[in-house]
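> Can you look at this prediction? I've put the sequence above it.
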Amino acid sequence: MKDAHAKAVLILGEVFSKDTEIDFATQDISARVQSLIPVMLNHRLKPPPEETYSLHRKISGAFLLCTKLNAKINCRKVFDSIIENYKFDD
């Protein structure tokens, strides 16, 4: 189960690891993560915290929206821009 969770995180992180456009119309990220879900559900000891469900829904929704819109996005540039402009508390 831990391996499945780690694989899912790494798969989702792929879009941020490359400084190229991701064509969401042709990506297989959703299918690859979905293939890991049965392992996670069958071997979990308890449901994850509500915050985790919320985050998963937001990420899934963003991926689905990008897929429906046939979006081509350089996710690395978007991520880097957010990090550069984020105001950390002192």
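Nice, thanks for sending it over. Because the structure is a prediction, the values reported are computed rather than measured.

> List the contacts of the residue sitting nearest the centre point of the chain.
In the chain, the centroid-proximal residue (Cα atoms, centre = their mean) is Leu12; its distance is 3.6 Å. Contact analysis of Leu12 by Cβ atoms under 8 Å, 6 or more residues apart in numbering lists Ile29, Val33, Ile59. Where you see a C-beta, it was placed from the backbone N, CA and C, and this is true even at glycine.

> got it, and Ala4?
Going by Cβ under 8 Å, 6+ apart, the list of residues near Ala4 reads Leu36, Val39, Met40, His43.

> rerun that using 7 Å as the cut-off
If a contact means Cβ atoms under 7 Å, 6 or more residues apart in numbering, then Ala4 has Leu36, Val39, Met40 as its contacts.

> Make a ChimeraX selection of whichever of those turn out to be buried.
To isolate the buried ones among the contacts of Ala4 in ChimeraX, judged by 16 or more other Cβ atoms under 10 Å, type:
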select :36,40
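
> quick one: the helices in the chain?
2-17, 29-34, 37-43, 50-68, 75-85 (DSSP state H).

> Just the buried positions in the fourth one, please.
Looking back up the chat, that one is helix 50-68. Phe63, Cys66, Thr67.

> I'd like to know which elements that helix is packed against.
With contacts defined as 3 or more Cβ pairs under 7 Å, 6 or more residues apart in numbering; DSSP states H and E, the packing partners of helix 50-68 are helix 29-34.

> What is the distance between the helix it packs on and the centre of its chain?
Taking Cα atoms, centre = their mean, to the nearest Å, one finds helix 29-34 lying 10 Å from the centre of the chain it belongs to.

> Report the buried residues of that helix.
Here helix 29-34 shows Ile29, Ser30, Val33 as buried, counting by 16+ other Cβ under 10 Å.

> Minimum pLDDT in those, which residue is that?
Among those, Ser30 carries the lowest pLDDT, at 84.

> can you tell me how far that one sits from Ile37?
Using Cβ to Cβ, to the nearest Å, Ser30 is found at 11 Å from Ile37.

> again, but for Phe88
Relative to Ile37, Phe88 is positioned 34 Å away (Cβ to Cβ).

> These two: which is more packed in?
Counted by other Cβ atoms under 10 Å, Phe88 and Ile37 do not tie: Ile37 has more neighbours, with 11 against 4.
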